[in-house]
Every structure is written in C-alpha cells, then in structure tokens.
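S.K.: Predicted coordinates and the sequence they were generated for:
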Amino acid sequence: MIPYKFAIVPEFAGFVILGYMTPSKKFIKEYIKVKPRGFSFHNVTQPTLNHLISFFKQNYSTIEY
C-alpha cells in the first residue's frame, strides 16, 4: 500500500500533480500532462484517471517505472 494524492495547481495549467510517499518515507511529486485523449504519464497515455491510477499502482515499484 502506498499513500498518494492528486492535485490541480493553477501555476501548472495543463498538468495534474501526483504526489506519493515511497516505502522509505520519501515524498515524490510527478507531473501528468492532460491531453485531449487522456493523461500522459511516463510516456504512456491513459484514457481516464482510473486507468492512470491502475497503471501507477501496478508499476510504481518496478525498475521500468
């Protein structure tokens, strides 16, 4: 289990910010580009936020991530 949150910040228009805490208690902030076809994250476009969350949960601890 990994705690995470999404945020929308006016200074970063066109992006959603994903913040999460690693198991070693390090806080990570990542910027997700909002595009007409979905959310671009780690060079992969997910059609919905639910798909993006599933991708994140399945891949955050892998070397490829």
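M.R.: Now that the structure is in, tell me what you want to look at. Keep in mind that this is a model prediction, so the values were computed, not measured.

S.K.: Which neighbouring elements make contact with the top strand by length along the chain?
M.R.: What stands out as the longest strand in the chain, according to DSSP state E, is strand 27-35. Judged by 3 or more Cβ pairs under 8 Å, 6 or more residues apart in numbering; DSSP states H and E, strand 27-35 is in contact with strand 15-21, strand 38-41. For the C-beta atoms, the positions are set from N, CA and C on the backbone; glycine is no exception.

S.K.: Which neighbouring elements make contact with the shortest one?
M.R.: Under the contact criterion of 3+ Cβ pairs under 8 Å, 6+ apart, strand 38-41 touches strand 27-35, strand 44-46, helix 49-59.

S.K.: Can you tell me which residue is spatially central in the protein?
M.R.: Centroid check for the chain by Cα atoms, centre = their mean gives residue 18 as the closest residue, at 4.4 Å.

S.K.: For that residue, give me the pLDDT.
M.R.: On pLDDT, residue 18 comes in at 96.

S.K.: Just grab the bridge partners of residue 27 for me.
M.R.: Counting by DSSP bridges, residue 27 is bridged to residue 21.

S.K.: could you list every residue that touches it?
M.R.: For residue 27, the contact set (Cβ atoms under 8 Å, 6 or more residues apart in numbering) comprises 19-21.

S.K.: let's see it at 10 Å
M.R.: Contact analysis of residue 27 by Cβ atoms under 10 Å, 6 or more residues apart in numbering lists 3, 19-21.
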